[in-house]
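Asks: only the shape, not the letters, is given here:
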Ligand code: SF4
């Protein structure tokens, strides 16, 4: 887990700000471009508008920022603790935050998708996981066919824990892994053997999880083609249903733990790109379908089937098979996107907890998406889900952008079929850059290639 922040969609285990795109980079417009002066009353209005649309599917995103150790490469704002009482206090605050939201939304709202992200959600004890799910079920209707996913650190897994997770309804698990090369692991500050990852996956299989995802990170210190090839061969033998391919971004000024990484040991930008392309090519050659910017799935995976049927969807949680436009997030430093209203919660743990203790919304910023911004957001979604863009986006205010993308045919990134542009195999490597064209540099900038 831990994330690198410069890449596309997808989800990963506790997965790594230092590696995966932060939620804040998967919303449109980007947080950095939200106008100041948002009034919390607008958020209340958004929840009430959602309450008036009971048929709209809702996704819930719960952030659990705790980890057992801090991996050096991680860019997440995590808290290392072994104090159950500290996590219990966080669960108390989550309960208050859910009570605030459901005061306006009602407590019978169905949840189509529920995701527990981190940090390390499986750092919670079984009792804490049960308590959290009981809280969620008191405020929302989690149905037998709701899709429940959780990010897990393989170093914290056990048979009993997976049995609990399945009993609680989780069917999708996302494992953080980073790399299996011991030299890279030592340099990146995350040690875990191949056997340990293999055991964790086997436990998830025995517990009958529907989808097992494993994360691989490119651009870590000491990574070489030879070492990466060894890791890829081992990873492919693990037989995960999904592979998320993140990129490491070294930003020690923002992520203190990265200060301990030897800059000299890092591959340069050209090498990072080459490593990533090599990994993507190896994974697809092994039979995985490249779903989006950084997610690869087996051919019979529901996401691949949805792509085939033109039913693939995306939101800030990643790719989905359901059109869940509304994402309600709980926890410190999270982004919600409901009824075209975006809000960011307080990132400071004590301030987030303090505001909730006073019965106040723990919000720091917000934004109401305009019609023009919605048109851009929708065009970006079409591009990353359908891998094509219809020419009628020009009539929705995106004529200049459509022509800019059409010009990429010269580079072989798109093919123009008259009424639409289709992304080529080469263009797939540059999908994120194309999203930036559509985002008018005010959003989706996290998808830099
Ligand atoms: S387990 Fe490591 S990489 Fe994952 S969130 Fe925690 S510190 Fe970050």
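Replies: Happy to help now that I have it. For clarity, every value in this text was computed on a predicted model and none was experimentally measured. Numbering: from 1, shown residues only.
Asks: where does pLDDT dip in the stretch 301-449 of the chain?
Replies: Applying pLDDT under 70 to the stretch 301-449 of the chain picks out residues 440-449.
Asks: now it against the ligand: closest residue?
Replies: Residue of the stretch 301-449 of the chain nearest the ligand, by CB to the nearest ligand atom: residue 333 (12.9 Å). Every residue, glycine included, has its C-beta placed from N, CA and C.
Asks: chain neighbours aside, what residue packs nearest to that residue?
Replies: residue 347 (3.6 Å; CB to CB, 6 or more residues apart in numbering).
Asks: the one you found contacts residue 332, correct?
Replies: Yes: judged on CB atoms under 8 Å, residue 347 makes contact with residue 332 at a distance of 5.9 Å.
Asks: which residue of the two possesses the greater neighbour count?
Replies: residue 332 (24 against 15; other CB atoms under 10 Å).
Asks: contact partners for that one?
Replies: 63, 65, 345, 346, 347, 348, 349, 352, 353, 362 (CB atoms under 8 Å, 6 or more residues apart in numbering).
Asks: once you drop chain neighbours, what's closest to it?
Replies: Nearest to residue 332 is residue 352, by CB to CB, 6+ apart, at 3.9 Å.
Asks: can you report how many residues lie near the one you found?
Replies: Neighbour number of residue 352 under other CB under 10 Å is 24.
Asks: stretch 111-126: how far from the chain's middle?
Replies: For stretch 111-126, the separation from the chain centroid amounts to 13 Å (computed by CA atoms, centre = their mean, to the nearest Å).
Asks: okay, now the residue of the stretch 301-449 of the chain closest to the ligand: neighbour count?
Replies: 21.
Asks: next, it: secondary structure please.
Replies: coil (DSSP: H, G, I helix; E, B strand; the rest coil).
Asks: I figured it hits residue 345, correct?
Replies: Yes: with contact defined as CB under 8 Å, residue 333 reaches residue 345; the gap is 6.2 Å.
Asks: list the buried residues in stretch 322-342.
Replies: 324-342 (16 or more other CB atoms under 10 Å).
Asks: hmm, I typed the wrong one, I wanted stretch 287-304.
Replies: For stretch 287-304, by 16+ other CB under 10 Å, it's 288-298, 301-304.
Asks: ditto for stretch 197-216
Replies: 197, 200-201, 203-204, 207, 209, 211-216.
Asks: stretch 86-94 now?
Replies: 87, 90, 93, 94.
Asks: so the closest residue to the last one other than its chain neighbours bridges to which residues?
Replies: For residue 94, the nearest residue in space outside its immediate sequence neighbours is residue 330; the separation is 5.4 Å by CB to CB, 6+ apart. Taking DSSP bridges as the rule, residue 330 bridges to residue 62.
Asks: around the ligand, pick out the residues from the stretch 51-200 of the chain.
Replies: Within reach of the ligand by CB under 6 Å from any ligand atom, the stretch 51-200 of the chain has these residues: 67, 70, 71, 74, 76, 78, 118, 119, 120, 153, 176.
Asks: next SSE after the longest helix seen in the chain?
Replies: Counting by DSSP state H, the longest helix found in the chain is helix 84-105. Next helix or strand after helix 84-105 toward the C-terminus (DSSP states H and E): strand 110-118.
Asks: quick one: mean pLDDT for the helix or strand that comes right after that next one?
Replies: Using DSSP H and E, the helix or strand that directly follows strand 110-118 along the chain is helix 126-139. Across helix 126-139, the average pLDDT comes to 98.
Asks: which elements pack onto helix 126-139?
Replies: strand 58-64, helix 84-105, strand 110-118, helix 159-168 (3 or more CB pairs under 8 Å, 6 or more residues apart in numbering; DSSP states H and E).
Asks: kindly recompute the last result at 7 Å.
Replies: Applying 3 or more CB pairs under 7 Å, 6 or more residues apart in numbering; DSSP states H and E, we find helix 126-139 packed against helix 84-105, helix 159-168.
Asks: with adjacent residues omitted, what lies nearest to residue 186?
Replies: That would be residue 222: by CB to CB, 6+ apart, it lies 7.8 Å from residue 186.
Asks: the one you found contacts residue 265, correct?
Replies: Yes: between residue 222 and residue 265 there is a contact under CB atoms under 7 Å: 5.1 Å.
Asks: overlap in contacts, these two.
Replies: Both residue 222 and residue 265 are contacted by residue 187, under the criterion CB atoms under 7 Å, 6 or more residues apart in numbering.
Asks: please say which of the two ends up with more neighbours.
Replies: Set residue 222 next to residue 265 and count neighbours by other CB under 10 Å: residue 222 wins out with 19 against 14.
Asks: quick one: contacts of the host helix or strand of residue 44?
Replies: Using DSSP H and E, residue 44 falls within helix 40-51. Helix 40-51 has contacts (CB under 7 Å, 6+ apart) with 56, 101, 104-106, 326, 338-339, 341, 343, 361, 363, 366, 368.
Asks: give me the buried subset of these.
Replies: Buried among the contacts of helix 40-51 by 16+ other CB under 10 Å: 56, 101, 105, 326, 338, 339, 341, 343, 361, 363, 366, 368.
Asks: let me have the residues you listed in a markdown table, adding secondary structure and distance to residue 248 as columns.
Replies: Compiled in a markdown table, these are given as follows (DSSP: H, G, I helix; E, B strand; the rest coil; distance: CB to CB, whole Å):
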| residue | secondary structure | distance to residue 248 |
| --- | --- | --- |
| 56 | coil | 37 |
| 101 | helix | 35 |
| 105 | helix | 38 |
| 326 | strand | 32 |
| 338 | strand | 32 |
| 339 | coil | 36 |
| 341 | strand | 33 |
| 343 | strand | 29 |
| 361 | coil | 35 |
| 363 | strand | 31 |
| 366 | strand | 31 |
| 368 | strand | 35 |
